[in-house]
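Colleague: build me a model:
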Amino acid sequence: MLTIDGSFGEGGGQILRTSLSLAALTGKDVTIENVRAGREKPGLRPQHLTGALAVAEICGAEIQGAEVGSTRLIFKPHAIRPGNYEFDVSKIRASAGSVNLILQTVLWPLAFAGKTSRLVIKGGTHVPHAPTFNYIDEIFLPTVARMGLICHYRMERAGYYPIGGGEVRVDVQPVQALKPLTLVERSKSMSVELTSVVSNLPEHIAERQLNTGISRLKSLGLQPTGETTEYPSPGKGTVFFVLASFGDARAGFQSLGELRKPAEAVADDACKEFAAYRKSGMALDKHLADQLIIPIALADGLSKLTTCEITQHLVTNIAVVERFLDARFEVTGEIGQAGTVERVA
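Modeller: Next up is the predicted model:
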């Protein structure tokens, strides 16, 4: 049995998610100790527990320590079973736990399950410290589609912090093998698209976010396009999203509204992240580089990426992946700086 120290490196939930996903894929028993030791509230939160139970369900795993607050989880997987599944964070506790982090936990085992699986996941679609619906739909899934994984993904309703209540539906098509990926340069042609969203809030908030974003990016010499829209939701929320396309390279930057945070500040946050990425000259944003580590490790061949920032999150994720798989990575660049991520074996 493998033992993974959840306090290692970044010390967050990604250690748990990667470990469970790869345990299911490889059939290896794993004990994860010190779960989320690096967080203010260590141990399993409802979102992490939902993800653990979801992976256990799709592979019939024996699981110990599966309760909110637990800092030690023992996971013994069996065969992965494709099928129709529904996962709801609120069944454990009313929560806006991220549906997209749960998706990324079960995605790779189901991708290699041999048949199509259909998922309904309920919780938060636009919540802090997690990829939004927009990011998954516009950045993550189009990129892994280039590697051979095809998913049909749609949002029925948005879920915001603190009440959640969002829902996504996903069809995961089976793959025999993943293709390697090389994204080291941007094409000279670039497009920037802005999306400004409100749910159960005045439309002028979305308009102010969009106008601020257009103004900020025009000051950089760009000509962005944009739209305002409203997402159905049981709660109130607002989102601003920047999609940058450089040929095959796609990058996304998101910002969420908060109580007493002006609409202009919401747009500013995403635009500042985009400006730093653009200045770096690298192909990928820091989040996508991290999210591609598992599929690159599973691909038949070697891959190479450049990213605007090497994060502790990315380095930690690589270390966990290398415990489960024979893939080996080389990272060039300091944490907090632009750099290169290469699978070398």
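Colleague: which parts of the stretch 151-300 of the chain are helices?
Modeller: 203-218, 263-280, 286-291, 293-298 (DSSP state H, counting those that start in this stretch).
Colleague: export the ones you listed as CSV, with columns for mean neighbour count.
Modeller: (Glycine included, C-beta is placed from N, CA and C.) Shown next, in CSV, are the helices of the stretch 151-300 of the chain (neighbours: other CB atoms under 10 Å):
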stretch, mean neighbour count
helix 203-218, 19
helix 263-280, 19
helix 286-291, 24
helix 293-298, 24
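Colleague: tell me which of these lies nearest to residue 23.
Modeller: Residue 23 lies closest to helix 293-298 among the helices of the stretch 151-300 of the chain, at 12.3 Å (CB to CB).
Colleague: possible to save the helices of the stretch 151-300 of the chain as JSON lines with distance to residue 343 and mean pLDDT?
Modeller: Shown next, in JSON lines, are those (distance: least, CB to CB, whole Å; pLDDT from 0 to 100):
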{"stretch": "helix 203-218", "distance to residue 343": "34", "mean pLDDT": "98"}
{"stretch": "helix 263-280", "distance to residue 343": "21", "mean pLDDT": "98"}
{"stretch": "helix 286-291", "distance to residue 343": "12", "mean pLDDT": "98"}
{"stretch": "helix 293-298", "distance to residue 343": "5", "mean pLDDT": "98"}
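Colleague: tabulate these (CSV), appending distance to residue 78.
Modeller: Below are the helices of the stretch 151-300 of the chain laid out as CSV (distance: least, CB to CB, whole Å):
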stretch, distance to residue 78
helix 203-218, 47
helix 263-280, 42
helix 286-291, 27
helix 293-298, 20
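Colleague: which among those helices is found nearest to residue 74?
Modeller: Of the helices of the stretch 151-300 of the chain, the one closest to residue 74 (CB to CB) turns out to be helix 293-298, at 21.7 Å.
Colleague: packing partners for the helix or strand following the closest one?
Modeller: Next helix or strand after helix 293-298 toward the C-terminus (DSSP states H and E): strand 304-307. In terms of contacts (3 or more CB pairs under 8 Å, 6 or more residues apart in numbering; DSSP states H and E), strand 304-307 is packed against strand 182-183, helix 286-291, strand 339-343.
Colleague: the ones you listed: which one's closest to residue 219?
Modeller: Among the helices and strands packed on strand 304-307, helix 286-291 comes nearest to residue 219, with 23.4 Å by CB to CB.
Colleague: quick one: residues in contact with the closest one.
Modeller: For helix 286-291, contacts defined as CB atoms under 8 Å, 6 or more residues apart in numbering pick out 14, 104, 131, 135, 139-140, 143, 250-252, 305, 307-311, 313-314, 317, 341.
Colleague: for it, output the C-alpha coordinates as CSV.
Modeller: Extracted in CSV, the C-alpha atoms of helix 286-291 (Å, rounded to 0.1, in the frame of the first residue of the first chain):
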residue,chain,number,x,y,z
LYS,A,286,-0.6,28.6,-14.2
HIS,A,287,-3.8,26.6,-13.5
LEU,A,288,-4.0,24.8,-16.8
ALA,A,289,-0.3,23.7,-16.5
ASP,A,290,-1.2,22.1,-13.1
GLN,A,291,-4.4,20.4,-14.4
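Colleague: now do that helix: distance to the chain's middle.
Modeller: Here the centre of mass of C-alpha atoms in helix 286-291, compared against the chain's by CA atoms, centre = their mean, to the nearest Å, lies 8 Å away.
Colleague: please renumber the chain so that the first residue is 462 from this point on.
Modeller: Sounds good: first residue 462 from here, last item helix 747-752.
Colleague: distance from the chain centre to stretch 474-483, please.
Modeller: Relative to its parent chain, stretch 474-483 has a centroid offset of 12 Å by CA atoms, centre = their mean.
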